[in-house]
Structure formats: C-alpha cells, structure tokens
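[1] the following block contains a protein sequence and its predicted model.
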Amino acid sequence: MKSAQNGTSSNGVKIKSDVAQGLHDLFVDELKDIYWAEKELTKSIPKMIKNASDEKLKKALSEHLEETKSQVTRLEEVFSSIGEKAVAKKCEAMAGLTKEAAEIMEETEKGVVRDAGIILAAQKVEHYEIATYGTLAAFAKALGETEAASLLVETLNEEKSADKKLSKISDSINVKAADEDEQDTETPVATKKKRIVSNH
Ligand SMILES: [Fe+2]
Ligand SMILES: [Fe+2]
C-alpha cells in the first residue's frame with residue numbers, strides 16, 4: 001500500500017499525497033466532462049430557442065446561450081490555471097439530457113405545452129450543472145487551486161440564476177398549459193382559481 005502522506009523528494013520538490021493526486025485526476029476528468037457538456041449546450045440551446053414560443057422564455061434562453069459560450073472560455077481558463085490542456089470528453093449524462101430535450105420538443109405541439117417541456121428539459125440541465133460546478137469548486141478549494149475555484153464559483157452562480165429565471169417563467173407557462181388542457185375538456189373558466197405553479 002502506498003503512503004498517503006505529503007513528503008519532500010530528495011531534490012527538495014514537494015510531493016503531493018497519493019490522495020490529493022487521486023482527487024486531482026478526478027477533478028481534471030470531470031472538468032473534461034463538463035467542458036464537453038457546455039460545448040454541447042452551445043448547439044442544443046439554439047434549438048430550444050427556435051422551438052420556444054414565449055418571448056420571456058426565448059429571451060432567458062438567448063441570454064443563457066451567451067453565458068454558456070463564455071462558460072466554455074472560462075473552463076479553458078480553469079484548465080490553464082491548473083496547468084492542464086483543455087480537452088473535452090463526452091459527457092453521457094449531458095448527451096442524454098439534450099436527447100431528452102429534443103424528444104420533448106418533437107413530441108409536443110408548438111405553444112405553451114412545448115414551452116413547459118422546454119423549461120423542464122432546461123432545468124434538468126441547470127440542476128446537473130449546479131451539482132457539477134458545486135462539486136468542482138469544492139474539489140478546487142480542497143486542492144488549493146484558488147483561481148480555478150473562483151472561476152468555477154462564477155459559473156455556478158450563473159447556472160443558479162438561470163435556473164431561478166426559468167422557475168419564474170414557469171409560473172405563467174404551467175398555468176397557461178394547464179388551462180389549454182382544461183379548455184380541451186370544456187371546464188368552465190369561471191370555476192378556475194388564480195394559481196401560481198412554478199417549478200423548483
Ligand atoms: Fe453552463
Ligand atoms: Fe446552464
């Protein structure tokens with residue numbers, strides 16, 4: 001069994017512990033994963049914008065597309081801050097989430113119901129990103145990579161605010177989408193109560 005203690009080599013170079021090196025490798029591997037995911041999103045968010053009908057939703061997605069492009073660049077800064085080359089590795093989770101988004105858009109009619117589906121798909125993406133960046137920022141802090149940590153926290157905050165914005169937009173869209181169902185089943189409008197039904 002290898003020692004997990006920090007030490008100093010014969011030439012005086014500080015040797016990191018096996019544990020830290022293990023975490024460093026996991027950190028780099030996950031950075032490659034989210035780097036691929038963000039690049040993938042620069043291609044899939046435009047499809048969501050094209051499919052959305054609500055102006056506020058289109059605007060929120062367009063703004064987040066610009067943020068996503070800058071997050072790709074920011075990840076390149078993270079790689080360089082830790083002396084690693086920016087390499088993308090296919091993220092199966094994000095590939096699945098963007099495939100699901102495409103399926104939802106295909107299976108719904110353009111309008112409020114598709115908009116509700118786009119918000120659903122987009123928030124799944126945001127929650128995945130929030131979990132990833134939260135963990136990566138914590139890994140960076142634990143590894144003493146302070147520059148990387150602050151860059152990752154910057155992106156984490158953008159993902160959180162994108163998620164909140166989508167929840168706010170879902171207030172009106174979910175109710176409108178439900179009303180469409182009620183109109184189909186001829187429920188009298190007069191019996192409806194005012195509802196606010198937003199996503200988490
Ligand atoms: Fe992102
Ligand atoms: Fe995002």
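    Yes, it's here. Ligands and ions are numbered 1, 2, ... in the order given.

[2] quick check: residues of the protein near ligand 1?
    By Cβ under 5 Å from the ion, the residues of the chain that approach ligand 1 are 68, 71, 129. Every C-beta, even on glycine, is put in place using the N, C-alpha and C of the backbone.

[3] out of these, which are inside helices?
    The members of the residues of the chain next to ligand 1 that map onto helices under DSSP state H are 68, 71, 129.

[4] skipping adjacent residues, who's closest to the last one in space?
    Spelled out, that is E129. The spatially closest residue to E129, leaving aside those adjacent along the chain, is E159, at 4.4 Å (Cβ to Cβ, 6 or more residues apart in numbering).

[5] can you give me the distance of that neighbour to ligand 2?
    Plainly put, E159 is 5 Å away from ligand 2 if you go by Cβ to the ion, to the nearest Å.

[6] helices or strands next to the longest helix along the chain in the packing?
    Of all the elements of type helix in the chain, the one with the most residues (DSSP H) is helix 146-184. Using 3 or more Cβ pairs under 8 Å, 6 or more residues apart in numbering; DSSP states H and E as the contact criterion, the secondary-structure elements in contact with helix 146-184 are helix 55-81, helix 112-142.

[7] export these to CSV and tack on mean pLDDT?
    Formatted as CSV, the helices and strands packed on helix 146-184 follow (pLDDT from 0 to 100):
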stretch, mean pLDDT
helix 55-81, 98
helix 112-142, 98
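
[8] dump those into a markdown table; add distance to Q21 and mean neighbour count as well.
    Putting the helices and strands packed on helix 146-184 into a markdown table (distance: least, Cβ to Cβ, whole Å; neighbours: other Cβ atoms under 10 Å) gives the following:
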| stretch | distance to Q21 | mean neighbour count |
| --- | --- | --- |
| helix 55-81 | 17 | 17 |
| helix 112-142 | 13 | 20 |
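
[9] follow-up on the earlier one: what about the longest helix of the chain, average pLDDT?
    Averaged over helix 146-184, pLDDT sits at 93.

[10] list the buried residues of it.
    148-149, 151-153, 155-156, 158-160, 162-163, 165-166, 169-170, 172-175, 177-178 (16 or more other Cβ atoms under 10 Å).

[11] what's the answer for stretch 93-105, then?
    When neighbours are counted by 16+ other Cβ under 10 Å, the buried residues of stretch 93-105 are found to be 94, 97-98, 101, 104-105.

[12] chain center to that stretch: distance?
    When distances are taken as Cα atoms, centre = their mean, to the nearest Å, stretch 93-105 is centred 13 Å away from the chain's centroid.

[13] returning to what we had before: quick check: the residue nearest to E129 touching Y128?
    No: in terms of Cβ atoms under 8 Å, E159 does not count as a neighbour of Y128; the distance is 9.2 Å.

[14] show me the contacts for the residue lying closest to A95 once chain neighbours are set aside.
    Distance criterion Cβ to Cβ, 6+ apart; nearest residue to A95, sequence neighbours excluded, is E40 at 6.9 Å. Shown here is E40, whose contacts under the criterion Cβ atoms under 8 Å, 6 or more residues apart in numbering are 91, 94-95, 98.
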